[in-house]
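Engineer: fold the following and give me the result.
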Amino acid sequence: MVEFDELVERGKELGKDGVNLGRDNLLGTTAADQSFTDVLIDNWYFVAGGVAVLVLILVLSVCCCCAAKKKNQQQ
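Structural biologist: Model (predicted):
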């Protein structure tokens, strides 16, 4: 018969393997396997969205400044 302590240890090992497997499946690979640039390339749509928002904010702020200047010149 297998002793209870052996079963407990084996259960702990299987639990760790399950957690690691779940993390690997969620991320595609382990975080240690990917560099920062690889993560950016894999998630290019988030990067593109962030850049688009920053450009939009820049354009709107420039337009507001120009409109304020014109309004001050007319007065």
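Engineer: need the helix or strand of the chain with the lowest average pLDDT.
Structural biologist: helix 4-27 (a mean of 65; mean pLDDT, DSSP states H and E).
Engineer: what's the first helix or strand after that helix?
Structural biologist: helix 36-42 (DSSP states H and E).
Engineer: for that following helix, C-alpha coordinates in CSV please.
Structural biologist: Coordinates of the C-alpha atoms in helix 36-42 are reproduced here as CSV (Å, rounded to 0.1, in the frame of the first residue of the first chain):
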residue,chain,number,x,y,z
PHE,A,36,9.8,42.9,-23.8
THR,A,37,9.9,43.5,-27.6
ASP,A,38,8.4,40.0,-28.2
VAL,A,39,5.5,40.9,-26.0
LEU,A,40,5.0,44.2,-27.8
ILE,A,41,5.1,42.5,-31.2
ASP,A,42,2.7,39.8,-30.1
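Engineer: can you tell me the average pLDDT over that helix?
Structural biologist: For helix 36-42, mean pLDDT rounds to 75.
Engineer: other SSEs contacting that helix?
Structural biologist: Helix 36-42 sits against no helix or strand, with contacts defined as 3 or more CB pairs under 8 Å, 6 or more residues apart in numbering; DSSP states H and E. For every residue, glycine as well, the C-beta is placed using N, CA and C.
Engineer: buried stuff in the very next helix or strand once past it?
Structural biologist: Past helix 36-42, further along toward the C-terminus, the next helix or strand under DSSP H and E is helix 44-74. By 16 or more other CB atoms under 10 Å, helix 44-74 has no buried positions at all.
Engineer: would you map out the domains in this structure?
Structural biologist: 1-33, 44-75 (automatic domain parsing).
Engineer: what's the pLDDT at residue 45?
Structural biologist: With respect to pLDDT, residue 45 has a value of 86.
Engineer: how close does it sit to residue 59?
Structural biologist: Residue 45 sits 21 Å away from residue 59, going by CB to CB, to the nearest Å.
Engineer: and if you look at residue 51?
Structural biologist: For residue 51, the distance to residue 59 - CB to CB - is 13 Å.
Engineer: and if you look at residue 53?
Structural biologist: 11 Å.
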